[in-house]
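Colleague: Below: sequence and its predicted model.
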Amino acid sequence: MKKVVLTVALFSALLIGTKGAVALAETTDNTHGVSTAKIGLEKQDETDNPTDPIDPDGEDNSNEPTGNTGALRIDYISNIDFGTQKISSDTKRYLAVSPANYVESQVSDLRGNGAGWNLQVSYDSEKPGFFNADGTELAGAELSLPAGTAESVADNQSQPAETFAVKVNKEAQNIMTAAVKAGLGTWEDQMKATSVSLKVPSGNLAGSYSATLVWTLTDAPA
């Protein structure tokens, strides 16, 4: 694969006063000199080490980092647990109990070309919703993910990624996106757990229900 190389040259000249600069052309000046400094930056190797979560929640039922190693990759996605709730005669909206602080998704863009990217989320197409072990659906359930805060490592000079609120369904929807020349490096969408909710209407059977969320990263902003 042909590498895309970005070369940055930083040249510095130390000249104190205009008079001294002119004198260089006419006389020997033993107190001034000129040097250069430069660096080359290139796309990260596809076999680079995976990036750990910026702010891991450290809970027992946390999801594992993806282990992805590409130059553009998903590093981490939180599992979400709404606990065990009592059946109600009314529609209820339950908040995430785990992770305790933030539900997170993390992307690293180490390509160095500033092309932008787009992270989308949807239900698994074969089971678009919450189902129990025997295939019974949690009817009318709605999973809502808020627009989080885009966080990065200290001193990241890139323009930040943008986050969006999503009501998850079978269609892929934007949850975090980076415009051209934005979202370089590692970026995490931190959603407050107290704003991640699951609406459950009355009239459902007792049982343990789960959903599979599919996260898709594309190499250009939507």
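Modeller: Now that the structure is in, tell me what you want to look at. Residues are numbered from 1 along each chain as shown.
Colleague: can you give me the helices for this structure?
Modeller: Assigned by DSSP state H, the helices in the chain fall at 18-23.
Colleague: In it, where is pLDDT below threshold?
Modeller: Applying pLDDT under 70 to the chain flags the ranges 1-28, 31-52, 55-62, 222.
Colleague: For Leu213, which non-adjacent residue is closest in space?
Modeller: Closest residue in space to Leu213, ignoring its immediate chain neighbours: Val121 at 5.7 Å, by CB to CB, 6 or more residues apart in numbering. No exception for glycine: its C-beta is placed from N, CA and C like everyone else's.
Colleague: which residues touch the one you found?
Modeller: For Val121, the contacting residues are Ser105, Leu145, Val166, Val168, Ala172, Gln173, Ile175, Leu213, Val214, Trp215, Thr216, by CB atoms under 8 Å, 6 or more residues apart in numbering.
Colleague: Surely the third one touches Glu142?
Modeller: No - at 11.0 Å, Val166 and Glu142 do not qualify as touching, with contact defined as CB atoms under 8 Å.
Colleague: which stretches of the protein form strands?
Modeller: For the chain, the strands defined by DSSP state E cover 5-14, 33-42, 72-77, 92-95, 102-109, 117-123, 142-145, 149-152, 162-163, 166-167, 173-178, 185-192, 197-200, 213-218.
Colleague: what's the burial count for Ser197?
Modeller: 19 (other CB atoms under 10 Å).
Colleague: when you give positions from now on, start the count at 309
Modeller: New numbering, starting at 309: the last item is Ser505.
Colleague: My read is that it contacts Leu403, right?
Modeller: Yes - contact criterion CB under 8 Å: Ser505 and Leu403 qualify, at 5.5 Å.
Colleague: Which one's more surrounded, Val474 and Glu450?
Modeller: Between Val474 and Glu450, counted using other CB under 10 Å, the more crowded position is Val474 (20 against 16).
Colleague: Could you measure from that one over to Gly491?
Modeller: Val474 sits 18 Å away from Gly491, going by CB to CB, to the nearest Å.
Colleague: repeat for Lys475
Modeller: Between Lys475 and Gly491 the distance is 23 Å, computed by CB to CB.
Colleague: Who has more neighbours out of the two?
Modeller: Gly491 (30 against 11).
Colleague: quick one, what contacts the more buried one?
Modeller: Val415, Asp417, Gly424, Trp425, Ser466, Gln467, Pro468, Ala469, Thr485.
Colleague: If we use 10 Å, what do you get?
Modeller: By CB atoms under 10 Å, 6 or more residues apart in numbering, the contact list for Gly491 reads 380, 415-417, 422-427, 458, 460, 464, 466-470, 484-485, 529.
Colleague: before we move on, what about Asp527?
Modeller: By CB under 10 Å, 6+ apart, Asp527 lies in contact with Gly378, Ala379, Leu380, Asp417, Arg419, Asn421, Ala423, Gly424, Trp425, Asn426.
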